[in-house]
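Visitor: just coords:
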């Protein structure tokens, strides 16, 4: 009799212990280690590079283990639509997860456009931030040719130079509106000051409300964790890897750069179009 | 039962507890995303330009010229000024570009206004002075700069240095009128015309230039600093890019009593920017400003003060000799070159611009003009002279006993009837040595009177007028109801007869020496170049141990600075020493092996320094073949070296001192492709038709060598001189 009772007790205890082990093991799958995904945005922001970053943002949005995203930005901006694309992607991401931007050397023009979509922006005291505005190479004036015919006066150029200047104003206003939508309550200067296109050091940017706090990537990660209500977390690098041929092109574009001298000397080396791009000083 | 329930509960707790512990380990709570604001883009509109219709209503009978400076690297195209050009045309004025600085001073004499836009070169002091004088004489000046008109500067290695704005090149000139342009641009981020650089101007002075204007738009403009009040000012939130200063910033200015207009923007003048707001009206006002200059002319401005049509009237009946007719024709040509027509008329019509030419003796027709200028002529009329001539038989002297027909005084003058010009209140002058030039301006009509004592004096006066040379003339201005500008000028050297003074009647007037008789050619006062004659006289010569150094020197020393150098005495000169000369003549004569390796290298390097060389001698090539040569023949008579020689001409050598016929090295394997063959061995020479004088030069003319394969002292003197002079002239020609 006693032996049967002892066996029953043993089995009960063993069963309970097994349940504890099962519970413990399944918890790792049911509640994975929360991650803070870091996505780096570097160099010129342009077409296919944007698609790659956008995919990384999508992946982070769809991954339940990613509880927050930190955008680590080091970019002078780039194409208008590329910057706008990522701006709205970040806003969509924020519908489900907090996003914090961390500025490395620079988040200028289109890069700041993207950073402004984040809930909070961190930058180092010497980071370059701002340069809000549009830069453009105007289209060549249309001409009339006997052999090359069009059905409209601006078919070749897309519009007159005067019209292009006005479109720049529209883009500038759009840029400002997008910034103000996210940061108006924190900005301490008006749009007429921002539209001067100045760059600010991180310290200055904090004073005028362009960024939230001076700090490095770690601070941004902690802020993201705070927003996501995390106690512990893992940091994962979700920076997309570019395909080899795009890596080559990316590197080429990164090194190509444009300086004020280049622009002044031969503005037509910049393809016609509009850019949210900071032109670095001559080295 | 209860026991079972407890076990089940415990099982559930043990199953769930790790989840809870894990969740609490990682999470503080649940993240609830807030409302993400989306930007409101609906209210963003494209700023549209305010285009205002404009119709220019000006029309004018006046004619004039407005010059546009394009002689200082100006960063503007004439096509950009088409709107201004149209407004000026409506006001009877044309826009004329000036491409050459040397033309500027002359063209300013007839222009109403000068427009200077964004120069790329500095203005020299003398040029600035000519512009200042132009403005002082009533000309209008428009200075325009634009921040977008710059050039990018690179160093010699192609690296960027900086930007060259237009402002530094114009401020030397601008500062003479009391203002300077700032090297900045103005902008307004709050209120603008479609872009921060397109500033809206509403601050206007009370001046006719800005009458009727409400708003202008300047498309990137320099500001202007001056003590003068602004004509156009930008206020409000408009700032300067350099000073960040806001406030009243001047972008348009009137200076020099209203004759100089300065503007800090060019773009508003161009299409389509002219159509924005009141820009078109302002451009029309600027055209009115430029075309309404009140020029003050001087006699020295002849003939620019005339209008397009000028009448030439010979006062009295001067004897129109060939020279006088020629001068009249020259005047017509001179006026035609500046767009004016000079036609000869029998008499004045009282309304047209007129040029009177005549003698004092027959100046009754121009007396009203002289009177207005307070000039009185006391002269013996021609008829009286002729009467006196017929009585006395002397046609050259006025008779003191004959009553004079005076222009405005009675007979019995204080000086006993001697002819004179009385200029109130200055004094009296003898008309014999004096020509009179008078310009009278009444309203728009200009009348010029040129009088002299004789046809020769009249011709001299016209020459002075044509040259604008009033040096030595007494100048006088009289302002009554009309303006009279007078010049009394010496009319040339007296003939030497103290009693008569003035002209000897047979003397046609001072004539430049080269027109009267041919003068012998004299050597030029300055040498035509420097030549080094290098005598390759080391060792011994084959026959006479001679070089042609003395021959070359004798021929060339009169026209060139000739130096001689003997290799035997001083060795070879260095390349640097040789390169100091314009030309080098290496003469080896009959010396053997004159051109060794060292000399050849030196010659080679000298040629690449671009110094032309004549190389002559019997044994200066590497030929192993030596044939007797006793003559040469012209092979290419068209070459400059053969100038003065006939085609195919044969020139026999002279007998050298040794009496021997020279066996001379043959220039083997030389064809026309290697260089021109100007002379060949003559028919009496062995190896006739082989090259004897050839030219070696590169395709770019950087080095040239005349190769004379024999000692030139073998040529007869005449041919020798001709050949040497031809060779040197050709080598030293630019």
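Guide: That came through fine. On a predicted model such as this, the values are computed, not experimentally measured, just so you know. Residues are numbered from 1 along each chain as shown, chains lettered A, B, ... in the order given.
Visitor: any idea which element residue B:11 lies in?
Guide: Using DSSP states H and E, residue B:11 sits in helix B:2-26.
Visitor: can you pull the buried residues of that helix?
Guide: Neighbour-count burial for helix B:2-26, counted by 16 or more other CB atoms under 10 Å in any protein chain shown, picks out B:11, B:14-15, B:18-19, B:22, B:26. Placement of C-beta: from N, CA and C, glycine included.
Visitor: the helix or strand just after it - contacts with which helices or strands?
Guide: Going down the chain from helix B:2-26, the next helix or strand is strand B:64-69, by DSSP H and E. Here strand B:64-69 touches strand B:93-98, helix B:101-108, strand B:113-117, helix B:279-291, going by 3 or more CB pairs under 8 Å, 6 or more residues apart in numbering or on different chains; DSSP states H and E.
Visitor: low-confidence ranges, the chain, go.
Guide: Using chain A. A:1, A:243-272, A:281-283 (pLDDT under 70).
Visitor: you looked at the wrong chain, it should be chain B
Guide: Using pLDDT under 70, chain B drops low at B:59-61, B:316-324, B:380-418, B:425, B:492-526, B:700-701.
Visitor: circling back to that earlier point, include distance to residue A:159 when you put the buried residues of helix B:2-26 into CSV, please.
Guide: Below are the buried residues of helix B:2-26 laid out as CSV (distance: CB to CB, whole Å):
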residue, distance to residue A:159
B:11, 74
B:14, 72
B:15, 68
B:18, 65
B:19, 61
B:22, 60
B:26, 55
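Visitor: filter those residues by proximity to chain A?
Guide: Of the residues in those, proximity to chain A by CB under 8 Å from any CB of the partner chain holds for B:11, B:14-15, B:18-19, B:22, B:26.
Visitor: what is the nearest of those to residue B:143?
Guide: The closest of those to residue B:143 turns out to be residue B:26 (CB to CB; 74.5 Å).
Visitor: residues contacting that closest one?
Guide: Applying CB atoms under 8 Å, 6 or more residues apart in numbering or on different chains, one finds that residue B:26 lies in contact with A:31, A:33-34, A:230-233.
Visitor: quick check: it vs residue B:14, distance?
Guide: Residue B:26 sits 20 Å away from residue B:14, going by CB to CB, to the nearest Å.
Visitor: do you know how far the closest residue to residue B:216 other than its chain neighbours is from residue B:210?
Guide: Closest residue in space to residue B:216, ignoring its immediate chain neighbours: residue B:201 at 4.3 Å, by CB to CB, 6 or more residues apart in numbering or on different chains. Counting by CB to CB, the gap from residue B:201 to residue B:210 is 9 Å.
Visitor: picking up where we left off before, of the contacts of residue B:26, keep whichever come out buried.
Guide: Of the contacts of residue B:26, these count as buried by 16+ other CB under 10 Å: A:31, A:34, A:230, A:233.
Visitor: what about the longest helix along chain A and chain B, any contact?
Guide: The single longest helix within chain A, with elements called by DSSP state H, is helix A:2-30. Yes: using CB under 8 Å from any CB, helix A:2-30 reaches chain B at A:12, A:15-17, A:19-20, A:22-24, A:26-28, A:30.
Visitor: ok now the helix or strand following that helix, how far from the chain's centre?
Guide: Next helix or strand after helix A:2-30 toward the C-terminus (DSSP H and E): strand A:35-42. How far strand A:35-42 lies from its chain's middle: 9 Å, per CA atoms, centre = their mean, to the nearest Å.
Visitor: export the residues of helix A:2-30 next to chain B to TSV and tack on neighbour count and distance to residue B:729?
Guide: Formatted as TSV, the residues of helix A:2-30 next to chain B follow (neighbours: other CB atoms under 10 Å in any protein chain shown; distance: CB to CB, whole Å):
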residue	neighbour count	distance to residue B:729
A:12	14	130
A:15	14	125
A:16	16	124
A:17	11	121
A:19	19	120
A:20	17	118
A:22	13	115
A:23	22	114
A:24	16	112
A:26	14	110
A:27	20	108
A:28	12	104
A:30	12	107
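Visitor: which of those residues lies closest to residue A:220?
Guide: Of these, the one sitting nearest to residue A:220 (CB to CB) turns out to be residue A:28, at 27.4 Å.
Visitor: once you drop chain neighbours, what's closest to the one residue in the stretch 51-200 of chain A that gets nearest to chain B?
Guide: As assessed by CB to the nearest CB, chain B sits closest to residue A:181 within the stretch 51-200 of chain A, at 3.8 Å. With CB to CB, 6+ apart as the criterion, residue A:181 has its nearest non-adjacent residue at 3.8 Å, and that residue is residue B:39.
Visitor: neighbours around that neighbour, how many?
Guide: 20 (other CB atoms under 10 Å in any protein chain shown).
Visitor: now residue B:215
Guide: When neighbours are defined as other CB under 10 Å, residue B:215 has 15 of them.
Visitor: wait, isn't it in contact with residue B:203?
Guide: No: if you go by CB atoms under 8 Å, residue B:215 and residue B:203 don't touch, sitting 10.3 Å apart.
Visitor: next, the nearest residue to residue B:63 once chain neighbours are set aside: phi, psi?
Guide: Excluding the flanking residues, the one nearest residue B:63 by CB to CB, 6+ apart is residue B:92, at 5.0 Å. With angles defined as degrees, to the nearest 10, residue B:92 sits at phi 80, psi 20.
Visitor: any idea which residue sits dead centre in chain B?
Guide: For chain B, the residue nearest the mean C-alpha position is residue B:102 (3.1 Å; CA atoms, centre = their mean).
Visitor: and the gap between that one and residue B:71?
Guide: Using CB to CB, we find residue B:102 at a distance of 9 Å from residue B:71.
Visitor: again with residue B:731
Guide: According to CB to CB, residue B:731 and residue B:71 sit 36 Å apart.
Visitor: before we move on, back to that, give the buried residues for the host helix or strand of the residue of the stretch 51-200 of chain A closest to chain B.
Guide: If you go by DSSP H and E, residue A:181 is part of helix A:161-183. By neighbour count on 16+ other CB under 10 Å, the buried set for helix A:161-183 is A:162-183.
Visitor: which other residues reach stretch A:203-213?
Guide: So stretch A:203-213 is contacted by A:103, A:112, A:120-123, A:125-127, A:129-130, A:183, A:186-189, A:193, A:200, A:202, A:214, A:219, A:223 (CB under 8 Å, 6+ apart).
Visitor: gap between the two ends of it?
Guide: 8 Å (CA to CA, to the nearest Å).
Visitor: cool, and stretch B:590-603?
Guide: End residues of stretch B:590-603 are separated by 19 Å (CA to CA).
Visitor: can you check stretch B:223-240 too?
Guide: End-to-end distance for stretch B:223-240, by CA to CA: 8 Å.
Visitor: what does stretch B:337-347 give?
Guide: First-to-last residue span, stretch B:337-347, CA to CA: 25 Å.
Visitor: residues contacting residue 135?
Guide: By default, I'm working from chain A. Residues near residue A:135 by CB under 8 Å, 6+ apart: A:109, A:270, A:274-277, A:279.
Visitor: right idea, wrong chain: chain B
Guide: When contacts are counted by CB under 8 Å, 6+ apart, residue B:135 touches B:141, B:177, B:256, B:259-260.
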